[in-house]
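A.B. asks: Attaching a predicted model along with its sequence, questions to come.
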Amino acid sequence: MKILVAGWDSGGGVEAVQTVVQKAVRRGHEVRVLGTEGLRGRFESAGASFRVYRYAPDNDCRRPETDLVKEWEARTPLEIFARVRDRVMFGPARQFCRDIVEELDRESADVVVADTLIPSALSGAEAAGVPSVLLMHGPYLLPRPGAPPIGTGFLPPHGPLGRLRDRVAASLAMGLFRRGLPALNQARAELGLTALHDLHELAASVSRIVVCTSPGYDFAADTVPGNVRYVGPQLDDVGTRGWDDAWAGPADRPLVLVSLSSTVMCQEELLQRAADALGRLPVRALMTTGPAVDPAVISAAENVSVRRWVRHADVLPHCSAVVTHGGHGTVIKALAAGVPLVIVPLGRDQPDNAARVVHAGAGLRVRKNASIARLERAIGQVLDDHHYQAAARRMASLLSAERDDGLVVDELERAAARGRPTANTQ
């Protein structure tokens, strides 16, 4: 099978797409990826061939000057969503469609897989008559009964008022994204495709929506549309290779991992407050800063080691708690290891992941401007209260029971087997 992947530098979400590519290659499929130049090494190491977009905008969210969205310049969450809509999801729709159409003209494919942040690429596949798959890095993103809308951080609704809250919030969210559809529909018109009226129509036009998390983690997984498939978390660091713990201090002290975003989210101050809080506690701590923050800018006590990167799978089996911004990858890895969390959401989908952890009883959520003392209390509470640890272990059992490593490639094969659909032409 020939698979064409439209990739995007979405920070932690790249891991899910890269893992899917790697699994497809291992099964013997031929995978080629269109993406921004900064993604080349990751996808080539997964066994795919790689081509840079000719028309779509470039993006490298590891550095402020090359980050396309620059969300830290926005003053409100709504403005952040508007930037993502206009600069990534729909604003460059014509460019993404042109890239997909020309690449399929150059070489055919049996299925096109698009990153969830660039759904406009799917219209290029539709125009070419090729089955398409939208790959969501984490929980299902569109509104449905029983699940709060994205970005709200709400817990599941209770009673009529809760359901009303979610309907109002969902209407506002969908209205915000609907404003991006004229750019997409202009691109579709140039391809001879009919206009779309909302995101639900866009989702319904896709052969498959592949959701890269477990249904037991998501809210209301039984209410998603019929073309949605949960395939479990797609993580590229499953298994352990051992780690250097010479720095770690007394072995009788619990180990706490601190891991925030791998992209620019102005997280330096939070990292420093977390380091200060851990310096007050009788723990061993490992803080990873990722590519967006220089470890040298963090001042830490002797019991806190600060490093650029450590493989989570090597560390989590030894951890008693994780402090994180709430990215889906880090949260799922911690839960799969049975480790409770303190989540400090910085934006994006992070409040929603925090809500899922709180709902499961597997951790606490604190505000991003939390004081050193508040962080110290939260970490201490998660370490001392066995209820958080027990809930995290329950989630680990659930995630393990739902795991099927081959399911995601199965779904790509099924999407391709449906054949070449008839485009929705005017």
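C.D. replies: Nice, I can see it. Every value quoted in this text rests on a predicted model; they were computed, and no experiment measured them.
A.B. asks: ok, longest helix in this protein?
C.D. replies: Scanning the chain for the longest helix, with DSSP state H as the assignment, gives helix 159-178.
A.B. asks: Could you pull out the buried residues of it?
C.D. replies: Neighbour-count burial for helix 159-178 flags 165, 166, 169, 170, 173, 177 (criterion: 16 or more other Cβ atoms under 10 Å). The C-beta positions use only the backbone N, C-alpha and C, and glycine is treated the same way.
A.B. asks: Format the residues you listed as TSV; extra columns: pLDDT and distance to residue 317.
C.D. replies: TSV is the format used below for the buried residues of helix 159-178 (pLDDT from 0 to 100; distance: Cβ to Cβ, whole Å):
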residue	pLDDT	distance to residue 317
165	94	39
166	94	37
169	93	38
170	92	39
173	88	38
177	90	40
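A.B. asks: Return the member of those residues nearest to residue 66.
C.D. replies: Closest approach between the buried residues of helix 159-178 and residue 66, by Cβ to Cβ: residue 177, at 25.0 Å.
A.B. asks: close enough to count as contact, the closest one and residue 81?
C.D. replies: Yes. Between residue 177 and residue 81 there is a contact under Cβ atoms under 8 Å: 7.4 Å.
A.B. asks: what residues does stretch 45-52 touch?
C.D. replies: Residues from elsewhere that reach stretch 45-52, judged by Cβ atoms under 8 Å, 6 or more residues apart in numbering: 5, 18-19, 21-22, 25-26, 31-37, 39-40, 43-44, 103.
A.B. asks: what do you get if the cut-off is 10 Å, keeping everything else the same?
C.D. replies: 3-5, 7, 17-26, 29-44, 58, 99, 103, 106-107, 236 (Cβ atoms under 10 Å, 6 or more residues apart in numbering).
A.B. asks: Now list the buried members of those residues.
C.D. replies: Among the contacts of stretch 45-52, those buried by neighbour count (16+ other Cβ under 10 Å) are 3-5, 7, 17-25, 29-36, 38-40, 42-43, 99, 103, 236.
A.B. asks: I'd like to know which of the residues you listed are part of helices.
C.D. replies: Short answer: the buried ones among the contacts of stretch 45-52 in helices (DSSP H) are 17-25, 40, 42-43, 99, 103.
A.B. asks: Please identify which pair of those lies farthest apart.
C.D. replies: Across these (Cβ to Cβ), the longest gap, 24.2 Å, separates 23 and 99.
A.B. asks: gap between the nearest residue to residue 338 once chain neighbours are set aside and residue 382?
C.D. replies: With Cβ to Cβ, 6 or more residues apart in numbering as the criterion, residue 338 has its nearest non-adjacent residue at 3.8 Å, and that residue is residue 396. Applying Cβ to Cβ, to the nearest Å, the value for residue 396 to residue 382 is 15 Å.
A.B. asks: In terms of neighbours, single out the busier of these two.
C.D. replies: More crowded of residue 396 and residue 382, by other Cβ atoms under 10 Å: residue 382, with 24 against 17.
A.B. asks: Would you confirm that that one contacts residue 323?
C.D. replies: Yes. The pair formed by residue 382 and residue 323 meets the contact definition of Cβ atoms under 10 Å, at 8.9 Å.
A.B. asks: list residues touching both of those two?
C.D. replies: By Cβ under 10 Å, 6+ apart, the residues touching both residue 382 and residue 323 are 256, 341, 342, 363.
A.B. asks: Can you tell me which of those residues is nearest residue 415?
C.D. replies: So of the shared contacts of residue 382 and residue 323, ranked by how close each gets to residue 415 (Cβ to Cβ), first place is residue 341, at 33.9 Å.
A.B. asks: pretty sure the closest one is touching residue 327, no?
C.D. replies: No. Contact criterion Cβ under 10 Å: residue 341 and residue 327 do not qualify, at 11.3 Å.
A.B. asks: For the two, list the residues in contact with both.
C.D. replies: residue 353.
A.B. asks: Would you quantify the distance from residue 103 to residue 188?
C.D. replies: Distance of residue 103 to residue 188, computed by Cβ to Cβ: 18 Å.
A.B. asks: same question, residue 8
C.D. replies: Taking Cβ to Cβ, one finds residue 8 at 20 Å from residue 188.
A.B. asks: what does residue 377 give?
C.D. replies: 52 Å.
A.B. asks: ditto for residue 337
C.D. replies: To residue 188, residue 337 is 44 Å away according to Cβ to Cβ.
A.B. asks: Equivalent analysis for residue 145, please.
C.D. replies: Distance from residue 145 to residue 188, by Cβ to Cβ: 29 Å.
A.B. asks: What sits closest to residue 46 if chain neighbours are left out?
C.D. replies: Spatial nearest neighbour of residue 46, excluding adjacent residues (Cβ to Cβ, 6+ apart): residue 22 at 4.0 Å.
A.B. asks: Isn't the one you found up against residue 31?
C.D. replies: Yes. Counting by Cβ under 10 Å, residue 22 does reach residue 31; the two are 8.8 Å apart.
A.B. asks: shared neighbours of these two, anything?
C.D. replies: 43, 46, 47, 48.
A.B. asks: What helix or strand is residue 320 located in?
C.D. replies: strand 319-324 (DSSP states H and E).
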